[in-house]
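Asks: Build me a structure from this.
(one chain, ligands or ions: 1)
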Amino acid sequence: MSDQTLRFAQLSDAGAALLTPTQQDSCTLVIFGGAGDLTRRKLMPALYNLLREGALDERFAVIGLSRREQDGDGYRELLKQALAEHTREPLQEPEWVVFAERIHYLSANFEDPEGYRALRDRLEQLEAAGGSANRLFYLATPPSAAPIILHRLQEAGLINTSGSSSPWSRVIMEKPYGRDLDSAQELNRIVGEVLGEDQVYRIDHYLGKETVQNILVARFGNTIFEPLWNRKYVDHIQITAAEAIGVEGRGRFYDQTGVIRDMVQSHLLQVLSLCTMEAPLSFAADDIRDKRVEVLRSLRQITGSQVFEDVIFGQYRGYRDEANVAADSRTPTYTAMKCFIDNWRWQGVPFFLRVGKQLRARMTEVSVVFRPVPLCLFGRDEVCQQLESNVLTIRIQPDEGIDLKIVSKRPGDSLDVRSVVMDFSYSETFKRPIKEAYERLLLDAIRGDATLFARRDEVEHAWRFVSPILKAWEDAQRIGPLFYAEGSDGPMEAERLMRRYDRRWREIG
Ligand code: BG6
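Replies: Here you go, the predicted model:
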């Protein structure tokens, strides 16, 4: 083994050691909304995989809490079925048996103090039996339930507020974090009455995706990109999050929410921040979050009539027929927009964001489109017309990877050129499955690493950007959404938006 390989092997061993849980890294996880969709589809499969990999120790336990009347066995059966359907690795009976022993259930109403007394008794029983005294509360509930749950937890003495001293208490909160800037600020105020900021983990599952984390590694782990990553060399950046599915039975929630609250305020703006932020002082949570916030603060607001110039609101044709969606709903299921970041690095560079449901294919990616070369040296017009701009594409999902479009000489006696693509694929290179975002995020919250969670000011600045857009749309009741066919690329107007600026969207799919 060469020196270099040896060092790498030692590093991998050290990496594995990080996964070995310590006393401080164990906890009892209490999930409010314990029988809900998120718990069944995402949280429990993530915990099952973490347990299989040895990232959770024998003190770890989970208590699901919901209104549903059922006993522990009924709850475990419900979860077993959910795991069989949703876990990324097939469910194995022996591993399920070990996992099931850690799962407990409490039927309780979130408002009723009695339920919190029962929860305290259950937590104390588990601790007396050797369980962890650290407590992680996961609010997998609608955001409106958060204030009452937090106050009841506090009244019941279930939250340790004495800073970082052991045993710790932390709370994970799901999005959408508020409905607009005012409600997000109000929620932050209430949360701040009960918890220190270092106890709050506001989840945005995009930050837990491997490929989203790789944006920073690609930018700051390589020398060749960063010098070009600015207004001098970048023509524009486009970010697409296309889904091939519709609202999937979440009509009631979605019709009140819409694509801008559901996807832009959180996921897209986080991806945009990672792509455009300055280099952080270090990879510590607050150093990275400070830089993400700077981007959000520099986003130029789109207000009033400008909204209808630069933002497209679309709706897929079958949306109004979905269960629990109003027959005359204006809720957008698609949006495309052009925005600017007013800072030294990005002044004048347009950013195009596009996101929607029921589109041609599932595809989330970031494309950095570079400026054309200043002069074509290859003589003939037909050759010069083949000169395309370089494009660096970070493929977030599916088919995770990075590709770079470059111009190359076509083999032959004459000088002919063509664009070719250099491609790095995660699955081919690493040959192991990509973990679900929730696995990483749950583990980080247990370990106390908040890097991949949104800080209070981040959430508020993101709302500051989207709220005027939402207001303009909600005030303009006479304007309907632009309809688009299911399985299409979205409304034609999104193409026109790009053409107006002499650019083109990348193909979806
Ligand atoms: C969720 C949204 O946050 O993200 C959903 O509420 C959306 O509407 C989902 O479908 C997309 O996540 P992913 O990981 O499938 O891209």
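Asks: Which positions in the helix or strand hosting residue 149 come out as buried?
Replies: Residue 149 is part of helix 146-155, with elements assigned from DSSP states H and E. Residues of helix 146-155 classed as buried under the neighbour-count rule (16 or more other CB atoms under 10 Å) are 146-147, 149-153. Bear in mind the C-beta positions are built from the backbone N, C-alpha and C, glycine included.
Asks: cool, and stretch 175-182?
Replies: By neighbour count with 16+ other CB under 10 Å, stretch 175-182 contains the buried residues 175-181.
Asks: Show residues contacting that stretch.
Replies: Contacts of stretch 175-182 with the rest of the structure, by CB atoms under 8 Å, 6 or more residues apart in numbering, involve 143, 184-187, 202-204, 257, 261-262, 265-266, 454, 459-460, 463-464, 467, 470-471.
Asks: now those: which count as buried?
Replies: Neighbour counting over those (16+ other CB under 10 Å) leaves 143, 184-185, 187, 202-204, 257, 261-262, 265-266, 454, 459-460, 463-464, 467, 470 as the buried ones.
Asks: wait, doesn't residue 132 sit right on residue 29?
Replies: No: look at residue 132 against residue 29 with CB atoms under 8 Å: they stay out of range, at 9.6 Å.
Asks: follow-up on the earlier one: overlap between the buried residues of helix 146-155 and the residues near the ligand?
Replies: Among these, none lies close to the ligand by the criterion of CB under 6 Å from any ligand atom.
Asks: Apart from its chain neighbours, what residue comes closest to residue 504?
Replies: Distances taken as CB to CB, 6 or more residues apart in numbering place residue 498 nearest to residue 504, at 5.7 Å, with adjacent residues excluded.
Asks: Now do the one you found, the pLDDT please.
Replies: You'll see residue 498 listed with a pLDDT of 95.
Asks: Surely it touches residue 505?
Replies: Yes: in terms of CB under 8 Å, residue 498 counts as a neighbour of residue 505; the distance is 5.5 Å.
Asks: which residues do these two both contact?
Replies: The contact sets of residue 498 and residue 505 overlap at residue 352 (CB under 8 Å, 6+ apart).
Asks: residues from the protein in reach of the ligand?
Replies: Residues of the chain lying close to the ligand (CB under 6 Å from any ligand atom) are 243, 262, 364.
Asks: if you set the cut-off to 5 Å instead, what comes out?
Replies: Contact residues of the chain with respect to the ligand, defined by CB under 5 Å from any ligand atom, are listed as residue 262.
Asks: hmm, which helix or strand of the chain has the shakiest average pLDDT?
Replies: Lowest mean confidence among the helices and strands of the chain (mean pLDDT, DSSP states H and E): helix 3-18, at a mean of 33.
Asks: in stretch 213-221, what's buried?
Replies: Buried residues in stretch 213-221, counting neighbours by 16+ other CB under 10 Å, are found at 213-216, 218-219.
Asks: Format these as a markdown table; extra columns: secondary structure and pLDDT.
Replies: Shown next, in a markdown table, are those (DSSP: H, G, I helix; E, B strand; the rest coil; pLDDT from 0 to 100):
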| residue | secondary structure | pLDDT |
| --- | --- | --- |
| 213 | helix | 91 |
| 214 | helix | 92 |
| 215 | helix | 95 |
| 216 | helix | 95 |
| 218 | helix | 94 |
| 219 | helix | 96 |
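Asks: From those residues, pick the one nearest the ligand.
Replies: Within those, the smallest distance to the ligand is 13.9 Å, found for residue 213 (CB to the nearest ligand atom).
Asks: coming back round to it: what are the contacting residues of the helix or strand following the helix holding residue 149?
Replies: For helix 146-155, the following helix or strand on the C-terminal side (DSSP H and E) is strand 169-173. Defining contact as CB under 8 Å, 6+ apart, one finds that strand 169-173 is touched by 134-139, 143, 146, 150, 158-161, 191, 195, 199-203, 441-442, 445, 448, 453.
Asks: From the opening residue of stretch 130-149 to its closing one, how far?
Replies: End-to-end span of stretch 130-149 (CA to CA, to the nearest Å): 27 Å.
Asks: What are the buried residues along it?
Replies: Taking 16+ other CB under 10 Å as the basis for neighbour counts, the residues of stretch 130-149 that come out buried are 131-141, 143, 146-147, 149.
Asks: before we move on, what SS does the closest residue to the ligand within the stretch 151-300 of the chain have?
Replies: The shortest separation between the stretch 151-300 of the chain and the ligand is 4.7 Å, found at residue 262 (distances taken as CB to the nearest ligand atom). What DSSP: H, G, I helix; E, B strand; the rest coil gives for residue 262 is helix.
Asks: Can you flag which of the contacts of stretch 175-182 belong to helices?
Replies: Residues of the contacts of stretch 175-182 located in helices (DSSP state H): 184-187, 257, 459-460, 463-464, 467, 470-471.
Asks: can you pull the contacts of the residue nearest to residue 509 when sequence neighbours are not counted?
Replies: Nearest residue to residue 509 in three dimensions, chain neighbours excluded: residue 361, at 3.5 Å (CB to CB, 6+ apart). The contact partners of residue 361, taken as CB under 8 Å, 6+ apart, are 242, 244, 508-509.
Asks: so what are the domain limits for the protein?
Replies: The domain map for the chain lists 3-203, 207-371+454-500, with the assignment taken from automatic domain parsing.
Asks: Comparing those domains, which yields the minimum mean pLDDT?
Replies: For the domains of the chain, the bottom mean pLDDT is recorded on domain 3-203, which sits at a mean of 87.
Asks: quick one: that domain to chain centroid distance?
Replies: Here domain 3-203 is found 18 Å from its chain centre; the criterion is CA atoms, centre = their mean, to the nearest Å.
Asks: Over to stretch 233-241?
Replies: Averaging C-alpha coordinates over stretch 233-241 and over its chain gives two centres that are 19 Å apart (CA atoms, centre = their mean).
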